[in-house]
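1. I would like the atomic coordinates for the input below:
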Amino acid sequence: MSRRRDLFVLVFFILIFILLMYLVFGMMSSSVGLSEISLSSGEKVAIVNLIGPIYDSRPTLEQLDRVAESSAVKALVLRLETPGGALAASQEVYQRIAYLRDDLGIPVIASMGNVAASGGYYVALAADTIVANAGSITGSIGVVMMLPAYYDLLEKIGIDFRVIKSGKFKDTGSPYRSMSPDEAAYLQDFLDDGFQQFRETVLQERDITSEDLEPVADGRIFTGRQALELNLIDVIGGLDDAIRIAGEMGGIEGKPTTVVLEKKRKMTFIDLMFGDLEEIVFLKLGLGSPLRYEMPQLLP
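-> So this is what the prediction gives:
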């Protein structure tokens, strides 16, 4: 009986300890933020990481807004590790960066890591200077739509779909039937307009003629070295080079102080119990987060 009571008391105090730790870290996360500590004083180069497919622009826009609100940030480095994503989301990020560059006068340097292609290249176009490693993968100027088709398989197993629709194009792209020539032409026009928007942005932002752009704007990818020869980027170099250029353009003397902006998040009970200690310490104490790039590999 005594041993059972002692075990109960031990478990009780462990739970109390965990609860107290959760409350302490929770208060720290709500009261201590990277923007308040690191963007409050001194001339700095801000680094915003855009990592992974671009489907939701809001996290990146929030970080860019923090740059816009800080008088300490004299230049911005946009670190890109992305294969692209949705056209509209890429355009939103591009437009916000262009606003920082044109309306607020903040120098912007795009730094390409392993991959900054398609929508990633679209976003980079808003930078004053685009820096890429010689082996960075970029380009892929174009748009694509991939539609699955199940109708052959469904026919073999005896499954059919009957669709009631208001117009002949309402279920265009349905995987349950073959596509008509009119639908294929309609989707091609749709994609062509999206491609034209991409193309117009490249012509607007890069010192390149329509004739020179035409042969390379067919969706193909390039290494950073090839992209430099085609005038799609400006400098061969890495993140350190991008930071140095940003410091120079921002008028910062000597080696610039940098601050990495991360999307703030609340600590959960799962984080406290099972989360990576390194992530907990860095994020909750407002020190940013270890730079991690986990990109899908290109497959043949």
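2. so Ala132 makes contact with Ile233?
-> Yes: Ala132 is in contact with Ile233 according to Cβ atoms under 8 Å; the separation is 4.8 Å. Quick note: C-beta positions are derived from backbone N, CA and C, even for glycine.
3. So for those two, which sits in the more crowded spot?
-> Ala132 (31 against 28; other Cβ atoms under 10 Å).
4. Quick check: phi and psi at that one.
-> Dihedral angles of Ala132 (phi, psi; degrees, to the nearest 10) stand at phi -140, psi 150.
5. can you start the count at 189 instead of 1 from here on
-> Yes, from this point I'll number from 189; that puts the last item at Ala320.
6. In space, what's closest to it - neighbours in sequence excluded?
-> Distance criterion Cβ to Cβ, 6 or more residues apart in numbering; nearest residue to Ala320, sequence neighbours excluded, is Gly412 at 3.5 Å.
7. now do Ser398
-> Closest to Ser398 by Cβ to Cβ, 6+ apart is Leu391, at 6.2 Å.
8. Quickly list what's touching both of Ala320 and Ile421.
-> 300, 326, 412, 415 (Cβ atoms under 8 Å, 6 or more residues apart in numbering).
9. The third one is in contact with Gly323, isn't it?
-> It refers to Gly412. Yes: if you go by Cβ under 8 Å, Gly412 and Gly323 touch, sitting 6.4 Å apart.
10. which of those two has more neighbours?
-> The residue with more neighbours, out of Gly412 and Gly323, is Gly412; 24 against 10, by other Cβ under 10 Å.
11. can you pull the contacts of that one?
-> Gly412 neighbours (Cβ under 8 Å, 6+ apart): 300, 320-324, 326, 421, 424.
12. about what we covered before: model confidence for the residue nearest to Ala320, exactly?
-> At Gly412, the predicted lDDT confidence score is 97.
13. any idea how far it lies from Lys356?
-> Going from Gly412 to Lys356 by Cβ to Cβ, to the nearest Å gives 46 Å.
14. what about the strands in the chain?
-> 232-239, 261-270, 296-305, 317-320, 325-327, 409-411, 423-424, 445-449 (DSSP state E).
15. Centroid-nearest residue for this structure?
-> By Cα atoms, centre = their mean, the chain has its centre lying nearest to Leu238, at 3.0 Å.
16. since we're on the spatially closest residue to Ile433 that is not a sequence neighbour, how many residues are nearby?
-> Counting by Cβ to Cβ, 6+ apart, Ile297 is the residue found nearest to Ile433 once chain neighbours are left out, at 5.4 Å. Ile297 has 31 neighbours, counted by other Cβ under 10 Å.
17. Which of the strands of the chain sits closest to Glu280?
-> strand 232-239 (11.9 Å; Cβ to Cβ).
18. just checking, what packs against that closest one?
-> helix 246-257, strand 261-270, helix 427-437, strand 445-449 (3 or more Cβ pairs under 8 Å, 6 or more residues apart in numbering; DSSP states H and E).
19. sorry, back to before: check what pLDDT the residue nearest to Ile433 gets.
-> 98.
20. Check the spacing between the residue lying closest to Asn419 once chain neighbours are set aside and Thr411 real quick.
-> The shortest distance from Asn419 to any non-neighbouring residue, by Cβ to Cβ, 6+ apart, is to Ile396 (5.2 Å). From Ile396 across to Thr411, the span is 18 Å (Cβ to Cβ).
21. Redo the shared contacts of Ala320 and Ile421 as CSV? Include distance to Leu292.
-> Formatted as CSV, these follow (distance: Cβ to Cβ, whole Å):
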residue, distance to Leu292
Met300, 23
Thr326, 26
Gly412, 28
Ala415, 28
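22. Out of these, grab the one that's most surrounded.
-> Neighbour-wise, the shared contacts of Ala320 and Ile421 (other Cβ under 10 Å) top out at Met300, 29 neighbours.
23. Identify the residues contacting that residue.
-> 268, 308, 312, 318-321, 324, 326, 412, 421.
24. ok now stretch 346-353, how far from the chain's centre?
-> 39 Å (Cα atoms, centre = their mean, to the nearest Å).
25. repeat for stretch 247-256
-> 12 Å.
26. go on, stretch 333-347?
-> Between the centre of stretch 333-347 and the centre of its chain there are 34 Å (Cα atoms, centre = their mean).
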